[in-house]
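Colleague: Got a predicted structure here, sequence first:
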Amino acid sequence: EPGSAMHIHHSVVSTQSGQNIFSHADGAETPEFLHFIGGMQRNMPAVIALLAPYVNSYRRYVPDFAAPINLEWGRDNRTTGLRIPISNATARRVENRLPGMDCNPYLGIAASLACGYLGLIEGEDPSEEFTGAAYSADSGVPRGLGDALALLAGNAGVQQVLGEEFCRVYAAVKQLEYNEFLHVISPWEREHLLLNV
C-alpha cells in the first residue's frame, strides 16, 4: 500500500550567533522563516524528481490519502505538504512531508534545503497559512516522473544550487528509466483493457 514517507525537518542556525534564524530573541517568527517556506513552495515542484525518484513513487500522491499532494503550509497541520510542528522558538522548523521513503536521504535533504535557500536569498513570501484539511488541495506537485523531470529542467535556480552537471546527468538517467517504463504493458492494462477497449 503506498504511503511510506521520509519527512525532512529543517531549521537554519546562524554561524555567527549559533541561534535559529527562524526565531527572534523574543520568540517571534522572523522574515527568514517565512522566506524559507516561500522558497520551498516556489521551488519544490522542480525537485520532486529527487524526492520521488521512481515511477512507483507517485502512487503516494493521490487525493484524500495519508501523503500530502500540495505545497500548502500550516502549523501542526498534517494534511499540508509543509508542516510547522508545535515547538518552542529555539526549535522552530519546517517539516517537508513530500519525500517518499524511496528518496535518497542525501539528495532529498540537499534538494529540500536548496528550495528554502533560494527563498532566503530571493526574499520569497509564502502563501497564506492553510487551515483545515488540505488533502484535496492541489498546488503544483507533479503526479508523474515525466512531469517532474520537465520541472527540474525548467528551474535554473535549483540547477545552479544543486549543480547544473548533476541535474543534467540525474535527469538523463531518470528519463531513460521513464522511457523504459513507457514501453512496458502493465498487468492492470492487460486485465482491464485488453478485452474492453
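Modeller: Done, it's in. Computed from a predicted structure; not experimentally measured.
Colleague: where are the low-confidence patches of this structure?
Modeller: Within the chain, the stretches with pLDDT under 70 are 1-3, 136-138.
Colleague: what about the longest helix in it?
Modeller: The single longest helix within the chain, with elements called by DSSP state H, is helix 31-51.
Colleague: List the buried residues of it.
Modeller: 32-51 (16 or more other Cβ atoms under 10 Å). Glycine gets a C-beta too; all of them are placed from N, C-alpha and C.
Colleague: Going along the chain, name the strands of this protein.
Modeller: Under the criterion DSSP state E, the chain contains strands at 8-10, 73-75, 82-84, 94-96.
Colleague: Check which helices and strands the third one is in contact with.
Modeller: Which is strand 82-84. Strand 82-84 makes packing contacts with helix 31-51, strand 73-75, strand 94-96 when contacts are defined by 3 or more Cβ pairs under 8 Å, 6 or more residues apart in numbering; DSSP states H and E.
Colleague: picking up where we left off before, out of the strands of the chain, which is closest to residue 159?
Modeller: Closest to residue 159 of the strands of the chain, according to Cβ to Cβ: strand 94-96, at 19.4 Å.
Colleague: what sits up against the closest one?
Modeller: For strand 94-96, the surrounding residues in contact (Cβ atoms under 8 Å, 6 or more residues apart in numbering) are 7-11, 22, 33, 36-37, 40, 44, 51, 73, 81-85, 112, 116.
Colleague: And for stretch 162-176?
Modeller: Residues from elsewhere that reach stretch 162-176, judged by Cβ under 8 Å, 6+ apart: 47, 49-50, 53, 110-111, 114, 145, 149, 152-153, 158-159.
Colleague: Of these, just say which sits nearest to residue 186.
Modeller: The shortest approach to residue 186 among those belongs to residue 145, at 14.9 Å (Cβ to Cβ).
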